[in-house]
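In: Need a 3D model of the sequence below.
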Amino acid sequence: MNFDIDEKTYNKIAQTIHSDNSPVGIDAKKTHILILKALSDLNEKVDRLENEIADLKRNS
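Out: Numbers count the residues shown, from 1 in each chain. Take a look at the predicted model:
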């Protein structure tokens, strides 16, 4: 698995989740919402791909 991330993207994410009010420096709620949104998007993509594969199998 590749975890390399370009500096511009890294800084944008860091700025988005940053919180001066948190002892760890990030807004945990915002961070979790972003993670859950990304997982939801991935799940939708997997569902679409599975449906496309099933359609291809039926039509071949």
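In: Name the residue closest to the centre of this structure, please.
Out: residue 38 (2.7 Å; C-alpha atoms, centre = their mean).
In: Please report how far that residue lies from residue 55.
Out: Going from residue 38 to residue 55 by C-beta to C-beta, to the nearest Å gives 26 Å. C-beta coordinates here come from the backbone N, C-alpha and C atoms, glycine included.
In: Buried ones in the helix or strand harbouring the residue nearest to the centre of the chain, by neighbour count?
Out: Taking DSSP states H and E as the definition, residue 38 sits inside helix 28-58. In terms of neighbour count (16 or more other C-beta atoms under 10 Å), helix 28-58 has its buried residues at residue 31.
In: Kindly report the same for stretch 12-20.
Out: residue 17.
In: how would you label residue 23: helix, strand or coil?
Out: When classified by DSSP: H, G, I helix; E, B strand; the rest coil, residue 23 comes out as coil.
In: if I pick it, what's in contact with it?
Out: For residue 23, the contact set (C-beta atoms under 8 Å, 6 or more residues apart in numbering) is empty.
In: for it, phi and psi?
Out: Phi and psi for residue 23, reported as degrees, to the nearest 10, are phi -70, psi -20.
In: Likewise for residue 24?
Out: Dihedral pair for residue 24: phi -100, psi 0, per degrees, to the nearest 10.
In: do you know how far it is from residue 18?
Out: According to C-beta to C-beta, residue 24 stands 10 Å off from residue 18.
In: ditto for residue 25
Out: Residue 25 is 6 Å from residue 18, by C-beta to C-beta.
In: ok, now residue 56?
Out: Distance, residue 56 to residue 18, by C-beta to C-beta: 45 Å.
In: Span of stretch 1-14 from start to end?
Out: 21 Å (C-alpha to C-alpha, to the nearest Å).
In: model confidence over that stretch, on average?
Out: The average of the pLDDT scores along stretch 1-14 is 92.
In: Quick one: residues in contact with that stretch.
Out: Outside of stretch 1-14, no residue comes within contact range by C-beta under 8 Å, 6+ apart.
In: And residue 34, how far from residue 27?
Out: 10 Å.
In: quick one: common contacting residues for the two?
Out: residue 17.
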